[in-house]
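A.B. asks: how would this look folded up:
(one chain, ligands or ions: 1)
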Amino acid sequence: MAKMPVVASSPQGRFNDGAQLINGAVLDTSEAYGKHLFCWWSTGSILHVHLGLIGKFRPAPLEDAPGDTIRLRLEGADAAWHLTGPQTCNIITPEERNEVVSTLGPDPLRRGANRKQDFVQKISATKRPIGAALLDQSIIAGIGNVYRAELLFLTGIHPETPANTVDPDLLGQLWDLTVSQLKRGLKWNRIVTVSDQDVDKRVTYKIDREDALYAYHRGEMPCRRCHTLIVDTEVAGRSIWYCPSCQPR
Ligand SMILES: [Zn+2]
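C.D. replies: Prediction:
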């Protein structure tokens, strides 16, 4: 968004007060931390958004009539942005922003020393299944259900393995893979985890949807590496898919 005042509103009405605080303000900077987005406005207000499972923040043509599901509409000169279904949408102070960030584990997409050691230390300290630990935002920030399945497949770890029993070297590899996979996802604006040799073609951002992943939502389909059928189970209340041969207990 260009550095110009926005028109902020809450067509749904649930964020009228917050929208008023940023209406007419200029966006100074925005930062993503894990799944949290912080937008700093010229008025000193910080907009805090967490999309959760169903939230979307997407551009819309200016002429689109805002529907009543839109929590926040930000209108610039050329386009509008519509926020729908967020888990969190509020205006906070810098202190509150710091508080949110302090509860989060290392973010694979941010710079900073010792993030890998920090991750390995935090995840090794829990006896919970590694599939649950990976969704814990205080251990690692920004991993969702698709990536947890894919990263465990790529490291050959069964999702129900107690995190504290996984070799720290393997956990280090898991971190490195997470960094490279999330960077690819960011660059391509979609989740594609497969390598050329496992799909017999050059992998690009245009790869077909059914070829893009190893495990996630591939129940009953043959593993791309060993042809064993992918199975699913539930870890931390959410479905996860894995290959019983590539990811033995
Ligand atoms: Zn397999």
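
A.B. asks: Who are the contact partners of the closest residue to residue 48 other than its chain neighbours?
C.D. replies: Spatial nearest neighbour of residue 48, excluding adjacent residues (CB to CB, 6 or more residues apart in numbering): residue 92 at 4.8 Å. C-betas here are computed from N, CA, C, even on glycine. By CB atoms under 8 Å, 6 or more residues apart in numbering, residue 92 lies in contact with 46, 48, 100.

A.B. asks: Now tabulate the residues you listed in CSV and tack on distance to the ion, pLDDT and neighbour count.
C.D. replies: Shown next, in CSV, are those (distance: CB to the ion, whole Å; pLDDT from 0 to 100; neighbours: other CB atoms under 10 Å):
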residue, distance to the ion, pLDDT, neighbour count
46, 45, 97, 23
48, 41, 98, 20
100, 39, 94, 17
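
A.B. asks: I'd guess residue 240 is in a helix, am I close?
C.D. replies: No. The assignment for residue 240 by DSSP: H, G, I helix; E, B strand; the rest coil gives strand, which leaves it out of any helix.

A.B. asks: How many residues are close by it?
C.D. replies: Here the number of neighbours of residue 240 (other CB atoms under 10 Å) works out to 24.

A.B. asks: give the contact list for it.
C.D. replies: 131, 145, 148, 149, 152, 159, 215, 232, 233, 234 are the contacts of residue 240 under CB under 8 Å, 6+ apart.

A.B. asks: Give me the nearest residue to the most centrally placed residue in the chain, chain neighbours excluded.
C.D. replies: The centroid of the chain falls nearest to residue 142 when counting by CA atoms, centre = their mean (4.2 Å). Distance criterion CB to CB, 6+ apart; nearest residue to residue 142, sequence neighbours excluded, is residue 34 at 4.1 Å.

A.B. asks: quick one: the one you found from residue 214, how far?
C.D. replies: Per CB to CB, to the nearest Å, residue 34 is found 23 Å from residue 214.

A.B. asks: secondary structure element for the residue nearest to the centre of the chain?
C.D. replies: Under DSSP states H and E, no helix or strand contains residue 142.

A.B. asks: I'd like to know how far it sits from residue 155.
C.D. replies: For residue 142 relative to residue 155 (CB to CB), the value is 17 Å.

A.B. asks: Also residue 34?
C.D. replies: Counting by CB to CB - residue 34 and residue 155 are separated by 20 Å.

A.B. asks: Looking at these two now, which is surrounded by more residues?
C.D. replies: residue 34 (22 against 19).

A.B. asks: Would you confirm that the more buried one contacts residue 107?
C.D. replies: Yes. Counting by CB atoms under 8 Å, residue 34 touches residue 107, with 5.2 Å between them.

A.B. asks: Give me the common contacts of the two.
C.D. replies: With contacts taken as CB under 8 Å, 6+ apart, the residues that reach both residue 34 and residue 107 are 141, 142.

A.B. asks: that older thread, please name the bridge partners of the residue nearest to residue 48.
C.D. replies: Beta-bridge partners for residue 92, by DSSP bridges, are residue 46.
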